[in-house]
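>>> coordinates only, sequence not included:
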């Protein structure tokens, strides 16, 4: 059928339906156009700050003060990246952040998988109460416990056991070390651990019970059933937990600021948090105390810093987008 | 199982015959005793004989039990994987195993949450002073002049203001996020070209609006000054401002319009905060079978009706999940004015007692709001299992 024929057939059908077909078709086209505009606009809303940052980061300082330049730089330069990289102290900071995030995420994933399985499949006294406690860990604002935690790890002791072993009667000073935070992660007390427990529990609840029953009948113990039968099936959910934990640890600055002081433990998040102050300090050291860092210039450094910190996360997101989305949609089912 | 049963049956039979034999033996002994002790009274003899009978019977019972135990032991050797004694032990074993599985959480909860929370509570009712031996606490009571709670609620204007503002923002934000994310989920649930890409962009805020990226502009002294200056300067106009002026000149519905305009003005923040909520709604929508809508359409349901009769009841569980998640997310954000005030008090002014009192009052309000809203919205939730 040629184009003309099709058009003719359409008008014929339209006449037969008394104008209904045309109205319907117009409505659906209008709806689709409206939806496309809306979706595009909202996507732009989310992407725009990123694009703006990208544009700003390639400008020279001169371009920043030029009001005729809105987004596309006139003099292309990577100077902002050089400065940012220097302020970040380059590769060591990134490697340290990477190792810490990966380690924390791994510990959180493992402990939360165990606990989630326990909550999903076993009946034991006080189970409801304990699960209520999991929700409680989510709603306690980190600021409430951060000071006591910091002081606690200055003199760390579990019911005086460590003091007796060392003989000094005093606990260990773990401030400024990675160990306390790793301990917290291994015992499901890390950042947003409650959410991971919830996700794993939802996953194990949706697995068929027959799987384990068959394993028990065939003479599999409880541990072996968990490791050999259920764990392989839980791998996608565990990957999602790992990714979430990784991303949130990478960007975390609440716990990081307390547990990892900036001078000995430079992390990407804490560096980024202070990047404007660092930049200001560097300028003051170079040009004298009277030097005032221009806001636009500081803004550019901050935008560049955010972008640099974001790049690893964006790479992960693009590669593993599916497991981010699917884990949430799975854990939402059944409330 | 089968074999064990037969073994147990055999053992039982053996025990019975043994008991019978023992009884017969005892009877004989009894007669003998009767003969021998003919002089003694019959009653006494009988009592004695009965004792002997009992003794022998007990012995036989013990023997039978031992035999049964031995049989079970033999059985266990032959069939090591057979379940132990039955459901009571199994339940206990399961309870222990369950406890062991959640043990990490219990330890972490007690050591790293309950303990700090308790310490924070103690700090909130004490005057904390730093000495060479660390911190010392001296109790100042809960509510009297000089106590921390009294100070923050009577003297600290900033705190009350930030607190009230935070609650007001909650009333604006949480419904806004829920409506927006539900709307987006219905849009993203439809078929169109490039849906995967659009979805990927909408979930991007999960990364973009987390941790340090979220508060970086607000926490920056150089940049936030400029922003405030721009906000105070009303001379520049745009479409929304003009629209706002037109809509707000009318007498009626002023408050409602103001509310809607406030939400629209915050659309960027709302979009950035609703990544996870969209996914949750989307997954809820996808679990509703299309055949339901088809059936409703055949019965003459309009889209509006099928939304309220099918979609809404089935999505209600998701609404609850999202309300709880949104509230938690909203309250534990680090970029709010209240959080900034708290961390300033902590890191710049070192007033531990005040910080503890502030965070505890905040925590209690969060818990109350969460509890009330969960109670309201959990009514009539239908679970589709």
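Received it, and whenever you're ready, just let me know what you need. All values derive from a computational prediction rather than experimental measurement.
>>> How about stretch B:319-339 and chain A, touching?
Yes: for stretch B:319-339, a contact with chain A is found by Cβ under 8 Å from any Cβ of the partner chain, at B:320, B:321, B:328, B:331, B:332, B:334, B:339. (Glycine included, C-beta is placed from N, CA and C.)
>>> Return the set of buried residues in that stretch.
For stretch B:319-339, the buried set under the neighbour-count rule, 16 or more other Cβ atoms under 10 Å in any protein chain shown, comprises B:319-336, B:338-339.
>>> Kindly report the same for stretch B:342-356.
Across stretch B:342-356, burial judged by 16+ other Cβ under 10 Å covers B:342, B:343, B:345, B:346, B:351, B:352, B:353, B:354, B:355, B:356.
>>> Closest to residue A:110 out of those?
residue B:343 (31.1 Å; Cβ to Cβ).
>>> need the contact list for that closest one.
residue A:143 (Cβ atoms under 8 Å, 6 or more residues apart in numbering or on different chains).
>>> In which helix or strand does it reside?
Following DSSP states H and E, one finds residue B:343 within helix B:337-347.
>>> what's downstream of that helix, the next helix or strand?
As assigned by DSSP H and E, the chain's next helix or strand after helix B:337-347 is helix B:352-377.
>>> Pull out the buried positions in that following helix.
Here helix B:352-377 shows B:352-363, B:366, B:369-370, B:373, B:377 as buried, counting by 16+ other Cβ under 10 Å.
>>> Residue ranges in chain B under the pLDDT threshold?
Along chain B, segments meeting pLDDT under 70 span B:1-53, B:56-57, B:60-61, B:64, B:67-87, B:130-136, B:141-142, B:144-146, B:215-255, B:380-385.
>>> and if we set it to 80?
For chain B, residues meeting the criterion pLDDT under 80 lie at B:1-88, B:90, B:127-148, B:150-152, B:154-158, B:209-266, B:317, B:332-337, B:339-352, B:378-385.
>>> check contacts around residue B:337.
Per Cβ under 8 Å, 6+ apart, neighbours of residue B:337: B:162, B:165, B:166.
>>> Check for me that the first one belongs to a helix.
Yes: inclusion of residue B:162 in a helix is indicated when DSSP: H, G, I helix; E, B strand; the rest coil is applied.
>>> Correct me if wrong: it contacts residue B:341.
Yes: between residue B:162 and residue B:341 there is a contact under Cβ atoms under 8 Å: 5.3 Å.
>>> before we move on, back to that, what angle sits between the helix holding residue B:343 and helix B:352-377?
Counting by axes from the mean of the first three to the mean of the last three Cα atoms, to 10 degrees, helix B:337-347 lies at 150 degrees to helix B:352-377.
>>> where do the strands sit along chain B?
Per DSSP state E, chain B carries strands over the ranges B:126-131, B:134-139.
>>> same question, the stretch 151-300 of chain A
Read by DSSP state E, counting those that start in this stretch, the stretch 151-300 of chain A holds no strands at all.
>>> who in it is up against chain B?
So the stretch 151-300 of chain A meets chain B at A:151-152, A:154-155, A:158, A:183-184, A:186-189, A:193, A:197, A:219, A:222, A:247-248, A:250-254, A:269-270, A:272-273, A:276, A:280, A:293, A:295, A:298-299 (Cβ under 8 Å from any Cβ).
>>> Tell me, how many residues neighbour residue A:251?
Counted with other Cβ atoms under 10 Å in any protein chain shown, the neighbours of residue A:251 add up to 24.
>>> coming back round to it: what subset of the contacts of residue B:337 is buried?
For the contacts of residue B:337, buried by 16+ other Cβ under 10 Å: B:162, B:166.
>>> So which of the contacts of residue B:337 is the closest to chain A?
Nearest to chain A among the contacts of residue B:337: residue B:166, at 11.3 Å, using Cβ to the nearest Cβ.
>>> among the buried residues of helix B:352-377, which are within reach of chain A?
Within these, those near chain A by Cβ under 8 Å from any Cβ are B:352, B:355, B:356, B:359, B:360, B:362, B:363, B:366, B:370.
>>> The residues you listed: which two are farthest apart?
Within those, B:352 and B:370 form the most distant pair, 26.4 Å apart (Cβ to Cβ).
>>> List the contacts of stretch A:299-306.
The contact list for stretch A:299-306, computed with Cβ under 8 Å, 6+ apart, reads A:52-53, A:56-57, A:59, A:61, A:64, A:80-81, A:83-84, A:87-88, A:271-272, A:275-276, A:279, B:213, B:216, B:220, B:222-223.
>>> Restricted to buried residues, select those residues in PyMOL.
Buried residues within those, by 16+ other Cβ under 10 Å, are selected in PyMOL with:
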select buried, (chain A and resi 53+56+57+59+64+80+81+83+84+87+88+271+272+275+276+279) or (chain B and resi 213+216+220+222+223)
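>>> Which ones among the contacts of stretch A:299-306 map onto helices?
Within these, residues falling in helices by DSSP state H are A:52-53, A:56-57, A:61, A:64, A:80-81, A:83-84, A:87-88, A:271-272, A:275-276, A:279, B:213, B:222-223.
>>> Can you name the residue of the stretch 251-385 of chain B nearest to chain A?
Of all residues in the stretch 251-385 of chain B, residue B:283 sits closest to chain A, at 3.2 Å by Cβ to the nearest Cβ.
>>> if I look at that residue, how far off is residue B:317?
For residue B:283, the distance to residue B:317 equals 11 Å [Cβ to Cβ, to the nearest Å].
>>> got it, and residue B:177?
Counting by Cβ to Cβ, the gap from residue B:177 to residue B:317 is 18 Å.
>>> out of these two, which sits in the more crowded spot?
Neighbours were counted for residue B:177 and for residue B:317 using other Cβ under 10 Å; residue B:177 has more, 27 against 22.
>>> Could you break the chain into its assigned domains?
Chain wasn't specified; assuming chain A. A:3-47, A:89-273 (automatic domain parsing).
>>> actually chain B
Using automatic domain parsing, chain B is parsed into the domains B:2-78, B:87-124, B:156-377.
>>> lowest-confidence helix or strand of chain A?
helix A:161-166 (a mean of 64; mean pLDDT, DSSP states H and E).
>>> Counting only helices, which of the buried residues of stretch B:319-339 make the cut?
Of the buried residues of stretch B:319-339, the ones assigned to helices by DSSP H are B:319-331, B:338-339.
>>> Could you single out the nearest of these to residue A:138?
Of all these, residue B:328 has the smallest distance to residue A:138: 5.5 Å, by Cβ to Cβ.
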